[in-house]
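Asker: no sequence on hand, only this structure:
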């Protein structure tokens, strides 16, 4: 028996490849399905089932393309009503794969169709669970992401309480938990960096598995402090439920190489968004006017999903040479299938053609410290509210990048603004968006708050009320 966790850091997502005696299953595959096919072919195995734990909200699954490529059936748990052919398994149904068995455990709560798959080895021993977004390491799935339900998040949290206690916590302590996500995912509040653990250990460490926890306390703790989910979540969940175009179509369109002249013509003809995926430093040094910077070397897909409102938006890509396919792939993972080409030979070709370009001013924290006076310099902190509350520069205004589009009218385009995040990635995204909207007096602070902390700039640190005298 082989169990392989295939982890994708950008999405903090774990897919699983399980194989026994020449038969395999894939659980919660990503959109780009070919690595699973190649893995099975290399091992001389046949993919027998494609198992989905629920209708995912944070990425578009690869179940449809993988099913077309392999002929394997797609399996959902009870109550799922997909808009395509799939096997809707019964609670307790057993799926044989080589010498092992996968038992379907219906565990509603994160969503009503949420299902956990229990793996029993060739001797019938319970070995592991693949819990999707029902149970994470250190947390549980948030109960407010279900696709179109009449149930409140409190109702779903109540179902989750029952699922954990009646279906999962009764399993042997040594059972290994393989979750759908790790730290960084917006599908939970405080996921651990660990990517697997035993059930027994989680009973000791996971707040949601406290043995004497009442339903009321569970519902309160699981639902409080939830930020609004990213705007693309319900759109991705609906694609996973109702179906979508093959990723091959996205590749065919997005991997068209365009000269600077054709690139500019396409931008004008189709009203395309120019998405520059290079690192922030290169973008600051020169970029196409009105382009948006979201670097591939960061949380690319989640930020695309949070900030580009329309999944059908035509997108033109500027990337480092050789990374065009990576950009198209990672866009498609979150449902952005309408890339219409990339700039041939990258930004250097644009400059060499004599086409217009622009820059964004950058400043070191040390240089900022020489002039910074709270209230006299407009410093905009684009980190998340929790980061800002923990510690921030005196006088800095918090406009989280997640909500920049909604809060843009609170900023003045006639005022010089200094932007920072933690390290510089998010603040350059913010600067690019603001500049495309007519904000010309922008300065990005290099190194962000991580470097600002090392200067004499006055800062306010959060003090827990219990420590006050």
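Answerer: Yep, that arrived. Quantities reported herein were computed from a predicted structural model and do not represent experimental measurements.

Asker: and whichever helix or strand residue 302 is part of, what does it pack against?
Answerer: Using DSSP states H and E, residue 302 maps to helix 300-307. Helix 300-307 sits against helix 324-332, helix 425-436, with contacts defined as 3 or more C-beta pairs under 8 Å, 6 or more residues apart in numbering; DSSP states H and E. Every C-beta, even on glycine, is put in place using the N, C-alpha and C of the backbone.

Asker: can you put these in a markdown table and add mean neighbour count?
Answerer: Output for those, formatted as a markdown table (neighbours: other C-beta atoms under 10 Å):
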| stretch | mean neighbour count |
| --- | --- |
| helix 324-332 | 22 |
| helix 425-436 | 23 |
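
Asker: closest to residue 95 out of those?
Answerer: Using C-beta to C-beta as the measure, helix 324-332 is the one of the helices and strands packed on helix 300-307 that comes nearest residue 95, at 28.7 Å.

Asker: just checking, what packs against that closest one?
Answerer: Using 3+ C-beta pairs under 8 Å, 6+ apart: helix 324-332 touches helix 247-254, helix 300-307, strand 315-318, strand 339-343.

Asker: could you list the domains of this structure?
Answerer: According to automatic domain parsing, the chain comprises the domains 2-232, 245-352, 361-461.

Asker: so where's the stretch 101-250 of the chain shaky on pLDDT?
Answerer: The stretch 101-250 of the chain contains no residues with pLDDT under 70.

Asker: give me the nearest residue to residue 285, chain neighbours excluded.
Answerer: Nearest residue to residue 285, sequence neighbours excluded (C-beta to C-beta, 6 or more residues apart in numbering): residue 359, at 6.2 Å.

Asker: oh sorry, the question was meant for residue 115
Answerer: Looking at residue 115 with C-beta to C-beta, 6+ apart, the closest residue is residue 77, at 2.7 Å.

Asker: tell me the pLDDT at residue 371?
Answerer: If you check residue 371, the pLDDT there is 88.

Asker: one step back: and the helix holding residue 302, how far out from the chain's middle?
Answerer: Here helix 300-307 is found 7 Å from its chain centre; the criterion is C-alpha atoms, centre = their mean, to the nearest Å.

Asker: now swap in stretch 257-265 and tell me
Answerer: That offset, for stretch 257-265, works out to 31 Å (C-alpha atoms, centre = their mean).

Asker: equivalent analysis for stretch 44-55, please.
Answerer: Relative to its chain's centre, stretch 44-55 lies at 22 Å (C-alpha atoms, centre = their mean).

Asker: about what we covered before: contact partners for the residue nearest to residue 285?
Answerer: With contact taken as C-beta atoms under 8 Å, 6 or more residues apart in numbering, residue 359 is in contact with 284, 285, 286, 287.

Asker: so the third one makes contact with residue 348?
Answerer: No. The pair residue 286 / residue 348 is not scored as a contact, 9.3 Å apart, by C-beta atoms under 8 Å.

Asker: of the two, which one has the most company?
Answerer: When neighbours are counted by other C-beta atoms under 10 Å, residue 286 comes out ahead of the other of residue 286 and residue 348, with 15 against 11.

Asker: distance check, the more buried one against residue 342.
Answerer: Between residue 286 and residue 342 the computed distance is 17 Å (C-beta to C-beta, to the nearest Å).

Asker: same question for residue 311.
Answerer: 19 Å.

Asker: neighbour-wise, which of these two wins?
Answerer: Legend: neighbour count by other C-beta under 10 Å for residue 311 and residue 342, higher for residue 342 (26 against 19).

Asker: ok now do the more buried one, which residues does it touch?
Answerer: 254, 255, 256, 257, 258, 316, 317, 318, 319, 324, 327, 328.

Asker: related to what we said a few turns ago, can I get the helices and strands packed on helix 324-332 in JSON lines including distance to residue 434?
Answerer: Output for the helices and strands packed on helix 324-332, formatted as JSON lines (distance: least, C-beta to C-beta, whole Å):
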{"stretch": "helix 247-254", "distance to residue 434": "27"}
{"stretch": "helix 300-307", "distance to residue 434": "12"}
{"stretch": "strand 315-318", "distance to residue 434": "19"}
{"stretch": "strand 339-343", "distance to residue 434": "23"}
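
Asker: need phi/psi at residue 367.
Answerer: phi -70, psi -40 (degrees, to the nearest 10).

Asker: could I get the pLDDT score of it?
Answerer: Looking at residue 367, its pLDDT reads 96.

Asker: residues near it, how many?
Answerer: The number of residues packed near residue 367 is 14, by other C-beta under 10 Å.

Asker: same question for residue 100.
Answerer: Neighbour count of residue 100, defined by other C-beta under 10 Å: 22.

Asker: ok, the one 4 residues further on next?
Answerer: Using other C-beta under 10 Å, residue 104 has 22 neighbouring residues.

Asker: mind checking which helix or strand it is in?
Answerer: strand 100-106.

Asker: and that strand, what's buried?
Answerer: Burial within strand 100-106, assessed by neighbour count using 16 or more other C-beta atoms under 10 Å, is assigned to 100, 101, 102, 103, 104, 105, 106.

Asker: include distance to residue 36 when you put the residues you listed into JSON lines, please.
Answerer: Output for the buried residues of strand 100-106, formatted as JSON lines (distance: C-beta to C-beta, whole Å):
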{"residue": "100", "distance to residue 36": "18"}
{"residue": "101", "distance to residue 36": "21"}
{"residue": "102", "distance to residue 36": "16"}
{"residue": "103", "distance to residue 36": "22"}
{"residue": "104", "distance to residue 36": "21"}
{"residue": "105", "distance to residue 36": "23"}
{"residue": "106", "distance to residue 36": "25"}
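
Asker: which parts of the stretch 351-469 of the chain are helices?
Answerer: Assignment of helices within the stretch 351-469 of the chain using DSSP state H, counting those that start in this stretch yields the ranges 365-371, 385-390, 404-407, 425-436, 448-452.

Asker: phi, psi of residue 215?
Answerer: As for residue 215, its main-chain torsions (degrees, to the nearest 10) stand at phi -60, psi -40.

Asker: that one reaches residue 160, doesn't it?
Answerer: No. Residue 215 is not in contact with residue 160 according to C-beta under 8 Å; the separation is 10.1 Å.

Asker: quick one: which of these two has more around it?
Answerer: Higher neighbour count among residue 215 and residue 160: residue 160, with 27 against 12, using other C-beta under 10 Å.
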